[in-house]
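**Q** Need a 3D model of the sequence below.
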Amino acid sequence: MSDGNTHHHYGDSVTIYGGSNNTGIVKYSSPALQEAVTELVRLLQELRGQIPPAGAQVVDDSLPVIASGASAPQERHRALIAVATIAATVGAVGQPVADAVNKVLGLLGAL
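**A** Numbers count the residues shown, from 1 in each chain. Prediction:
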């Protein structure tokens, strides 16, 4: 039986006391963004086998950051720019990756 004072909380509850540069919780729950990131990850995995080892290492280092919705926005942005740079250096074979990065950046509001 309830006394009428029952409270139900759904979702995240965050309280921040003090500090500086607090970002709070950043979530990437947009279905369009999730689809774009999934496609970018697929394209990066394909591109990885077609680029020199140094570029492949950048892709390997960037993939977990790009794929995780828990990555800090600045980290994700840096990883996206890093793979876009690799894609640009390999010409036409990298164009689909560059386009996919631009789509993700646009959905994140970073363009």
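**Q** Number of residues surrounding Ile66?
**A** 21 (other C-beta atoms under 10 Å). Placement of C-beta: from N, CA and C, glycine included.
**Q** so it makes contact with Val83?
**A** Yes: contact criterion C-beta atoms under 8 Å: Ile66 and Val83 qualify, at 7.1 Å.
**Q** any residues in contact with both of those two?
**A** 40, 44 (C-beta atoms under 8 Å, 6 or more residues apart in numbering).
**Q** Low-confidence bits of the protein, can you list those?
**A** Residue ranges of the chain with pLDDT under 70: 1-29, 111.
**Q** same thing but 90
**A** By pLDDT under 90, the low-scoring segments of the chain are 1-31, 68-73, 108-111.
**Q** Next, the buried residues of the helix or strand harbouring Leu33.
**A** Per DSSP states H and E, Leu33 falls inside helix 31-48. Of the residues in helix 31-48, those buried by neighbour count under the rule 16 or more other C-beta atoms under 10 Å are 33, 36-37, 39-40, 43-44, 47-48.
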